[in-house]
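**Q** Just a sequence and a predicted model for now, questions to come.
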Amino acid sequence: MNRQPDYQPTIPEAVQPLIRGWIYLALASLIVPGLTAVLLVLLRTLVVDSASWTDLFRTALVVHVDLSVFVWFLAIGGALWTSMLSSPTMAARWSLRLAVAGTVIISIAPLLGATTPIMNNYIPVLDHPIFHLGLGLFAVGILLLAPAIMKRPPRLFPDSGKGLIQLGGWLAMLATVIAAITFIHTYTSIPPDPDRAAVTYYEILFWSDGHILQFTYTTLLVIAWLALGSALKMETLPSPGSTATMLVVGFIPLIIVPWILASFGVLSAEYRGWFTWLMRYGNSVAPILVSLFLLAGLFRTSIKSAEQRPLHASLVASFILFAAGGIIGFMISGYNTIIPAHYHGSIVGVTLAFMGLVYILLPKVGFTAPSGKMATLQPYIYAVGQLMHVAGLALSGGHGAARKSVGGSIGADNFYGALSVSFTRIGGLLAVVGGVLFLVVCWKSIRAKRG
């Protein structure tokens with residue numbers, strides 16, 4: 001039997017305190033989204049006066065999306081990128097500090113007067129300088145890690161699991177840097193127009209870089225899946241060379257980004273279309289291929305320790321939700337709640353993989369490994385709740401419920417409407433319970449070690 005590669009992150013002792021900080025930030029970034037999720041579920045399913053509740057719903061939705069996707073995903077990235085350093089540099093310390101400051105500002109911005117929600121795609125905003133400051137500080141914090149990561153390109157086709165993780169981390173940072181450059185290009189190229197609606201401006205601003213940022217997320221997803229597979233001692237892990245090929249092939253479309261920036265105006269249909277094409281035909285390559293390897297051995301893997309059970313549950317649940325999101329994507333037709341059903345499934349698939357990765361990282365930075373019934377059931381509870389929530393959104397969208405609207409548009413006065421409301425409400429609340437359990441499991445792991 002060939003020895004399987006080890007894809008679990010190797011963490012130098014010198015940077016463990018910083019990685020603990022990134023884990024704390026990642027966990028903290030889920031607290032406010034958990035609270036806003038309850039409000040969103042209720043407003044999405046209760047029949048209320050839309051004129052009175054729309055701004056509250058949308059403000060909560062903006063904060064929820066930005067913290068539970070943009071901040072949570074990149075905080076996990078921050079932990080992985082920091083693990084690639086041999087020592088805690090000044091830039092690495094300030095990276096975490098600025099990211100924390102930005103997250104705090106994003107979280108409290110509505111209390112400081114930022115109450116004008118703009119429902120653009122990818123990174124929705126509250127149109128206020130305070131909220132912009134929070135996003136900017138967090139982004140700068142992440143980018144402060146870039147010089148240390150990018151200055152040492154890893155082997156393109158590594159022969160070890162550690163080398164593959166280094167390559168994956170480097171590619172994820174490369175995508176993040178390309179997204180930042182594209183953002184700056186778009187920001188400086190949008191012509192002034194006093195008659196342009198705010199939502200149109202921000203849609204243009206975040207469309208191109210938002211699409212590129214998905215390459216960062218899916219690369220981090222592949223790293224998380226491989227780490228979970230290694231921790232489970234799976235026998236069907238792809239070789240480092242094969243996995244590198246999958247990652248590189250998925251990144252090839254990004255080569256044409258400079259050509260897009262130079263060839264088309266930011267307001268053109270071609271500019272928008274090319275970035276859509278990049279994500280559609282490049283971003284799914286590595287996740288799909290890697291998942292096929294892991295699925296081949298996932299259900300044949302024997303669980304030999306209590307610490308492996310939560311990891312197995314996280315990986316199974318991640319695959320199910322990621323696949324559900326992809327399948328629902330083929331159902332999209334029109335501007336309705338099938339769209340959030342699609343990206344909820346995909347995003348939650350990534351989130352579940354990252355939850356499992358946190359379970360792996362905790363004992364590597366000085367805490368106890370999560371185990372026990374709560375830790376094992378948590379991914380399943382979260383996944384079942386999100387599946388119900390996604391099914392409710394898809395069902396209501398199939399019967400005309402508008403996207404990003406409060407509950408009056410769902411139409412609960414018929415069987416399908418009532419069923420979709422029930423699925424959305426119960427599933428959403430169950431998902432909140434699963435999210436709270438994740439925080440409790442992590443808190444118990446942290447507290448037990450410190451005690």
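**A** Nice, I can see it. Because the structure is a prediction, the values reported are computed rather than measured. Numbering: from 1, shown residues only.
**Q** CA only for contacts and neighbour counts going forward, please
**A** Noted.
**Q** Mind picking out the helix or strand in the protein with the poorest mean pLDDT?
**A** Averaged element by element with mean pLDDT, DSSP states H and E, the chain has its least confident helix or strand at helix 31-45 (a mean of 74).
**Q** Using PDB, write down the CA coordinates of the next helix or strand after that helix.
**A** Using DSSP states H and E, the helix or strand that follows helix 31-45 in sequence is helix 50-65. Taking Å, rounded to 0.1, in the frame of the first residue of the first chain, the C-alpha atoms of helix 50-65 are listed here in PDB:
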ATOM      1  CA  SER A  50     -42.800  45.700   3.600                       C
ATOM      2  CA  ALA A  51     -42.500  49.500   3.700                       C
ATOM      3  CA  SER A  52     -41.700  49.400   7.400                       C
ATOM      4  CA  TRP A  53     -39.400  46.400   7.500                       C
ATOM      5  CA  THR A  54     -37.500  46.400   4.200                       C
ATOM      6  CA  ASP A  55     -34.600  48.600   5.400                       C
ATOM      7  CA  LEU A  56     -34.100  46.600   8.600                       C
ATOM      8  CA  PHE A  57     -34.200  43.400   6.600                       C
ATOM      9  CA  ARG A  58     -31.600  44.600   4.100                       C
ATOM     10  CA  THR A  59     -29.400  46.200   6.700                       C
ATOM     11  CA  ALA A  60     -29.300  42.900   8.600                       C
ATOM     12  CA  LEU A  61     -28.700  41.000   5.300                       C
ATOM     13  CA  VAL A  62     -25.700  43.200   4.400                       C
ATOM     14  CA  VAL A  63     -24.000  42.600   7.700                       C
ATOM     15  CA  HIS A  64     -24.900  38.900   7.700                       C
ATOM     16  CA  VAL A  65     -23.400  38.300   4.200                       C
END
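**Q** How far off centre is helix 50-65?
**A** 21 Å (C-alpha atoms, centre = their mean, to the nearest Å).
**Q** Report the rounded mean pLDDT for that helix.
**A** Averaging the model's pLDDT scores along helix 50-65 yields 79.
**Q** Which parts of this protein are strands?
**A** Counting by DSSP state E, one finds strands in the chain at the ranges 117-118, 125-126.
**Q** Arrange those strands in JSON lines, one row each, with distance to V350, mean pLDDT and mean neighbour count as further columns.
**A** Compiled in JSON lines, these are given as follows (distance: least, C-alpha to C-alpha, whole Å; pLDDT from 0 to 100; neighbours: other C-alpha atoms under 10 Å):
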{"stretch": "strand 117-118", "distance to V350": "25", "mean pLDDT": "95", "mean neighbour count": "24"}
{"stretch": "strand 125-126", "distance to V350": "22", "mean pLDDT": "97", "mean neighbour count": "24"}
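**Q** Kindly reformat the ones you listed as a markdown table containing distance to Y382.
**A** Supplementary listing: the strands of the chain in a markdown table, determined by distance: least, C-alpha to C-alpha, whole Å:
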| stretch | distance to Y382 |
| --- | --- |
| strand 117-118 | 28 |
| strand 125-126 | 27 |
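**Q** To P192, which of these lies closest?
**A** Shortest distance between P192 and the strands of the chain, using C-alpha to C-alpha, is found for strand 117-118: 18.3 Å.
**Q** which residues are contacting that closest one?
**A** With contacts defined as C-alpha atoms under 8 Å, 6 or more residues apart in numbering, strand 117-118 is touched by D55, R58, T59, V62, P124, V125, L126, D127, A198, V199, Y202.
**Q** Go ahead and confirm the last one touches N120.
**A** Put plainly, it is Y202. Yes: if you go by C-alpha atoms under 8 Å, Y202 and N120 touch, sitting 6.1 Å apart.
**Q** ok, which stretches of the stretch 151-300 of the chain are helices?
**A** With helices called from DSSP state H, counting those that start in this stretch, the stretch 151-300 of the chain shows them at 161-189, 198-231, 240-251, 257-263, 269-282, 285-298.
**Q** With mean pLDDT added, can I get those helices in JSON lines?
**A** Shown next, in JSON lines, are those (pLDDT from 0 to 100):
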{"stretch": "helix 161-189", "mean pLDDT": "97"}
{"stretch": "helix 198-231", "mean pLDDT": "96"}
{"stretch": "helix 240-251", "mean pLDDT": "93"}
{"stretch": "helix 257-263", "mean pLDDT": "97"}
{"stretch": "helix 269-282", "mean pLDDT": "89"}
{"stretch": "helix 285-298", "mean pLDDT": "88"}
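**Q** Mean neighbour count, those: which tops it?
**A** Using mean count of other C-alpha atoms under 10 Å, the stretch among these with the largest mean neighbour count is helix 198-231, at a mean of 23.
**Q** sorry, back to before: quick one: closest of the strands of the chain to F73.
**A** Judged by C-alpha to C-alpha, the one of the strands of the chain that comes nearest to F73 is strand 125-126, at 17.3 Å.
**Q** OK, contacts around A244?
**A** L156, F157, P158, L164, L167, G168.
**Q** what's the spacing between it and A172?
**A** Summarising the geometry, the distance separating A244 from A172, computed by C-alpha to C-alpha, to the nearest Å, is 13 Å.
**Q** just L437 next, same as before
**A** With C-alpha to C-alpha as the criterion, L437 and A172 are 29 Å apart.
**Q** How about S314?
**A** Relative to A172, and taking C-alpha to C-alpha, S314 is found at 22 Å.
**Q** Same question for A317.
**A** When distance is defined by C-alpha to C-alpha, A317 is 23 Å away from A172.
**Q** Same check on C442?
**A** Going from C442 to A172 by C-alpha to C-alpha gives 26 Å.
**Q** hang on, isn't S107 packed against V63?
**A** Yes: under the criterion of C-alpha under 8 Å, S107 lies in contact with V63, with a separation of 6.7 Å.
**Q** More neighbours: these two, which one.
**A** For S107 against V63, the residue with the higher neighbour count under other C-alpha atoms under 10 Å is V63, and the figures read 24 against 19.
**Q** No further questions, thank you.
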